[in-house]
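Participant: everything below, folded, please.
(chains A, B, C and D)
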Amino acid sequence: MNEVGSATRSWTTSELLTIMASRALHDGQIVFAGVGVPLLAATLAQRLHAPGLTILFEGGVIGPFIVPGDLPPSTNEQRCTRRANMVCPITDVLMLLQRGFVDVGFLGGAEIDRYGNINTSFIGDPDHPKTRLPGSGGGNDIASLTHVIVAMKHEKRRFVERVQFVTSPGYLEGGASRHEAGLLAGGPEVIITDLAELGFDPVTKRMRIEALHPGVSVEDVEANTGFDLDLADPLRVTAPPTDRELEMLRELDPDRLYIA
Amino acid sequence: MNEVGSATRSWTTSELLTIMASRALHDGQIVFAGVGVPLLAATLAQRLHAPGLTILFEGGVIGPFIVPGDLPPSTNEQRCTRRANMVCPITDVLMLLQRGFVDVGFLGGAEIDRYGNINTSFIGDPDHPKTRLPGSGGGNDIASLTHVIVAMKHEKRRFVERVQFVTSPGYLEGGASRHEAGLLAGGPEVIITDLAELGFDPVTKRMRIEALHPGVSVEDVEANTGFDLDLADPLRVTAPPTDRELEMLRELDPDRLYIA
Amino acid sequence: MSGYEALRSETALRNRSLHEKVVSLEAAAALINDGDHVAIGGCMMSRTPMALLWALVRAGRRDLTFSRSIVSSDGDIVVASGIAKKVITSWFSQGIVWGISRVMRHWVESGTAEFEEWSHLAMGLRYRAAAMGLPFLPIRSLMGSDVERRLSGETREMVCPFTGEKLVLVPALRPDVAIIHVQRCDPYGNAQIDGLQFMDIDLPMAAKRVIVTTERIISNNQIRRSPDRTKFPFFVVEAVAEVPYGSAPHECYGLYEPFFRHMDLFAKMTKEDPERGSRDYLQRFFYEPRSWNEVLQRIGMDDLLTAASGGRNVHDE
Amino acid sequence: MSGYEALRSETALRNRSLHEKVVSLEAAAALINDGDHVAIGGCMMSRTPMALLWALVRAGRRDLTFSRSIVSSDGDIVVASGIAKKVITSWFSQGIVWGISRVMRHWVESGTAEFEEWSHLAMGLRYRAAAMGLPFLPIRSLMGSDVERRLSGETREMVCPFTGEKLVLVPALRPDVAIIHVQRCDPYGNAQIDGLQFMDIDLPMAAKRVIVTTERIISNNQIRRSPDRTKFPFFVVEAVAEVPYGSAPHECYGLYEPFFRHMDLFAKMTKEDPERGSRDYLQRFFYEPRSWNEVLQRIGMDDLLTAASGGRNVHDE
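Facilitator: Down below sits the predicted model:
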């Protein structure tokens, strides 16, 4: 377990990401969530401050009920449908993104760049890749059609000037380029890492630090980022995970499948 | 009851239309049928010579089972679903026509013309109609997307040189005009009336008499048609309704809702 | 702002949270505004939200446009009562067994109400396009017909860039309000439909707002026991009203058949003089009754029980 | 002959009559030809027609193209066994919990098998376009991404004639054969699916031929008792094979969960040396067993009963 924190409390990177992501969700929203950190974050939010939050799964599930300790292995198996409000074909649940019913989707990735573009397809030249990654899944659709929260570990090799392959579009080349490409809605809103929360300048669409986690400096973030970051003004400091958040989260994943 | 026939047997116009139409259906076909003559014809065919015939209803029904004496009032109510193999949305059952799974559809109409175009929308100028008719329903889709059997009463005011409004396209202006308009499949195959069976010249697509019902002359047909008809060579004479056909049909509609 | 951007902002502003939204029939009708485009769920004589139409007629709504896959006596009611200025559909009459509706003919032929005609599949694809967040869907029918010609300006033709084939594009139809009658719905709006579904999966996704009338309100727990029977989700629904026999004198699958004797009465009353006949019918069954129960009372117990005895799960036999 | 005319003649020639079509698993596999494009029903680790893939591998089929919404260890099996030359999908790995599949990586990175990547919605709309008899459907994602760029030539962009907006057109994906595993099917091919439906409503309508494997064959009378549960109709189906646990070690909704311990074994065997690991795995679970029952026997009773005890209607709780 990779633990950090104060003298009295400690948490893992995954726990930190999950708790910070849960705080980014608001009551009444409809959230497209993958398993792991996203699902735990959404469920945590439901139980703490957003009882009217609705979860959608890519496998074709609307408003399921997550049972602590019996988490689904992906968004496509029967555990995902537990006490759902509705199940429907995959194409139709993804269409909710295009129709505009979804407030926010969760993404992770192997790489993210200055404009929030995400790569989950190739490391190296796509024609002769060093690593073939699993690919888009619904990632391209989520990133193209709705607002996105990204949760990932803050490492220099992951935060790069330009991703080697744009699987899921962020603001493309910045400025109005996303809109000009024909993507008329959505876009990355917040990047949550183990060091900070990052957002985007409203005009240039360059990534900037919005808030630092407790005990983290701007230099720490810069040292783990492969490009120059702008700074929001004022720069906030996030509140550390509370006992309540940590306890509730550990109840949801008692076997520490996703929060170890 | 409008009875005709030989000394020993007699039948109504609707009975004749239904029986002749049932003979035009083949085993293994998939038939898009409305209520009334089409449904009775399809059910009769199933019971006499086409046990593997499948009926589709516009309301969204695949392979229902028709109960004698309990006929549905339209293709959109629960009686239509009786012991069906599948029910599905209207748009999807109509899509079967576009996908090519349907062999033949049944149509009637207020007017039909030399090229098999059908009008079920307006009598008179559409902007100031003498009579506003109920309209296309699925008629335009059936006529555009599959082969069609038309069953209607043979009257001069119904068989016209040019329909006042093309609700459901036949061969449009004849020749290749249907294909050139973008309709790449289907087209009217046979027109069954109380006097004759009519078809279309393979090249000009002009309507022609293919067969006369027993006791009917070419002159009888011409006298009841508003345009010049071509003649198929050889010109057949249909076999009159058999006792078995008439008995079976009357069993299906004991209250004579549709065969009176 | 482009069409899609407007769609997105409008949709984003809707309250899509899981919350209770049960209202009275009259309160549901009050959510519909003069001039709205109202899409009617069900088809023909099946699952017509007749009680809600009754409330709309009584509320004296004006200048409504109605759309529906196929229109039966519901269409007669909305034109004869004067609440509709336009009906967009593929087929409009009372029903095959009653001949051509004299009411439809009178109001449409006199130019008082417009009847805009599309093919049935075109209606379905127009709703589906809107449900998919698309500006259009392609169709292979309509071509060469006067139906398309008369709609000129509404459709487009395109040459397929893959095959070179001609296709017609039918524009998304995005109603201001969809009104849908279902067998079961929970207080949040999760709606379950038995039997024929018609266009009622696409319609609620297409519309800007959705009002559901339901034979019974059931608990969310009951919905969650069979989520694969939920046909549209709570977050598209704005209001839910419980109205037993809310589709009378039309049918509701599994519960009651059309009230055939009452439909005969309506056809008979409006056959000779559609204007006076509808006025009398509306007076007796729409304006005088002060509640939907009173409408049912006037239709009568005999008709209701006959319809109910014919209404059952016909698959069980 | 245009694309649509070819589609129509081909479809017209299919035997669409109501007739029995029950065959053995091996006979079903024999209906698939070298070089075919085979679409796999289900998604990820759910309702994968694994028994039919087993039979295909054993039959030594070659040069197959596979497509699927999301590919799990089924994809590893078809590339490692050498029956696939190409996999068209949106996501390809064993499953999130096992990290990135070493098998996929080895065969794809070495260029032995091609992995053509689309977005998940694009996969769905490609099947749906084919199911609708259309050459394409429009989509609002893909734009601006390298996913679209890398597919250049496959998609088209258009300006919407109604709104002036840019849209991507994704081409219909029309598999030679769709192979779909379901809970229940009758001898004619009427298939009922419980729970998650994935793309299995569009897929059988899209494909040129459909082969169904089913946990149980039930009578046509049983189908007719609940026609609203039938997800695709008999006339699109060419063959039906009854194969209990036919999706093992993946899940079948309501009956069994994924065989997690067996999936762990597969991941472990293929992690260090994907080539040798898959060879050993295929030897033990594909080539040596002479029947599907023998495969299940080798997977073992413990794993089977654990999976079965986790598989139940999770809505009943």
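
Participant: got the buried residues for stretch A:148-168?
Facilitator: Buried positions in stretch A:148-168, judged by neighbour count with 16 or more other Cβ atoms under 10 Å in any protein chain shown: A:148-152, A:154, A:158-160, A:163-168. Using the backbone N, CA and C atoms, a C-beta is placed for each residue, glycine as well.

Participant: quick one: the residue of the stretch 1-150 of chain C found nearest chain A from residue A:61, how far?
Facilitator: Nearest residue of the stretch 1-150 of chain C to chain A, counting by Cβ to the nearest Cβ: residue C:17, 3.2 Å away. For residue C:17, the distance to residue A:61 (Cβ to Cβ, to the nearest Å) stands at 18 Å.

Participant: ok, residue C:170 next?
Facilitator: 31 Å.

Participant: now swap in residue C:49 and tell me
Facilitator: Residue C:49 sits 29 Å away from residue A:61 when distances are taken as Cβ to Cβ.

Participant: and those two? Which one has more around it.
Facilitator: Neighbour tally, residue C:49 and residue A:61, criterion other Cβ atoms under 10 Å in any protein chain shown: the higher count belongs to residue C:49, 30 against 25.

Participant: wait, what's in contact with the spatially most central residue of chain A?
Facilitator: Nearest residue to the geometric centre of chain A (Cα atoms, centre = their mean): residue A:150, 2.8 Å. Contacts of residue A:150 were listed using Cβ atoms under 8 Å, 6 or more residues apart in numbering or on different chains, and they are A:106, A:107, A:108, A:109, A:112, A:116, A:118, A:188, A:190, A:191, A:192.

Participant: could I get those residues as a markdown table with pLDDT?
Facilitator: Shown next, in a markdown table, are these (pLDDT from 0 to 100):
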| residue | pLDDT |
| --- | --- |
| A:106 | 93 |
| A:107 | 93 |
| A:108 | 88 |
| A:109 | 88 |
| A:112 | 98 |
| A:116 | 98 |
| A:118 | 97 |
| A:188 | 98 |
| A:190 | 97 |
| A:191 | 98 |
| A:192 | 97 |
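
Participant: which of those sits closest to chain B?
Facilitator: Nearest member of the contacts of residue A:150 to chain B, counting by Cβ to the nearest Cβ, is residue A:106, at 31.6 Å.

Participant: phi, psi of the closest residue to residue A:57 other than its chain neighbours?
Facilitator: Of all residues not flanking residue A:57 in the chain, residue A:75 sits nearest, at 4.0 Å (Cβ to Cβ, 6 or more residues apart in numbering or on different chains). Here is the backbone geometry of residue A:75 (degrees, to the nearest 10): phi -90, psi 20.

Participant: distance of residue A:75 relative to chain B?
Facilitator: With the distance defined as Cβ to the nearest Cβ, to the nearest Å, residue A:75 ends up 25 Å from chain B.

Participant: what of residue A:215?
Facilitator: According to Cβ to the nearest Cβ, residue A:215 stands 57 Å off from chain B.

Participant: so that residue sits in a helix?
Facilitator: No: counting by DSSP: H, G, I helix; E, B strand; the rest coil, residue A:215 is not part of a helix but coil.

Participant: do you know the pLDDT at it?
Facilitator: Note for residue A:215: predicted pLDDT of 93.

Participant: and the one 4 residues further on, by the same measure?
Facilitator: Residue-level confidence at residue A:219 comes out at 97, pLDDT.

Participant: could I get the contacts of residue A:150 as TSV with neighbour count?
Facilitator: Supplementary listing: these in TSV, determined by neighbours: other Cβ atoms under 10 Å in any protein chain shown:
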residue	neighbour count
A:106	24
A:107	27
A:108	18
A:109	21
A:112	27
A:116	29
A:118	30
A:188	26
A:190	20
A:191	25
A:192	28
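
Participant: ok, for the one residue in the stretch 151-300 of chain C that gets nearest to chain B, nearest residue in space, not its chain neighbours?
Facilitator: Ranked by Cβ to the nearest Cβ, the top residue of the stretch 151-300 of chain C for proximity to chain B is residue C:166, at 3.5 Å. Distances taken as Cβ to Cβ, 6+ apart put residue B:182 closest to residue C:166, at 3.5 Å, once the chain neighbours are dropped.

Participant: you'd agree the one you found is up against residue C:142?
Facilitator: No: look at residue B:182 against residue C:142 with Cβ atoms under 8 Å: they stay out of range, at 9.2 Å.

Participant: quick check: neighbours shared by the two?
Facilitator: Common neighbours of residue B:182 and residue C:142 (Cβ under 8 Å, 6+ apart) are residue C:168.

Participant: can you tell if stretch C:135-155 touches chain A?
Facilitator: No: under the criterion of Cβ under 8 Å from any Cβ of the partner chain, chain A is not reached by stretch C:135-155; the shortest gap measures 11.6 Å.

Participant: kindly check the end-to-end length of that stretch for me.
Facilitator: Using Cα to Cα, to the nearest Å, the end-to-end distance of stretch C:135-155 comes to 11 Å.

Participant: follow-up on the earlier one: wait, the residue nearest to residue A:57 sits on residue A:35?
Facilitator: Yes: taking contacts as Cβ under 8 Å, residue A:75 lies within contact range of residue A:35: 5.9 Å.

Participant: more crowded one of these two?
Facilitator: residue A:75 (30 against 24).

Participant: OK, contacts around the more buried one?
Facilitator: A:33, A:34, A:35, A:57, A:58, A:59, A:61.

Participant: quick one: the fifth one and chain D, what's the gap?
Facilitator: Going back to what we said before, that points to residue A:58. Applying Cβ to the nearest Cβ, the value for residue A:58 to chain D is 7 Å.

Participant: neighbours of that residue, how many?
Facilitator: By other Cβ under 10 Å, 31 other residues sit near residue A:58.
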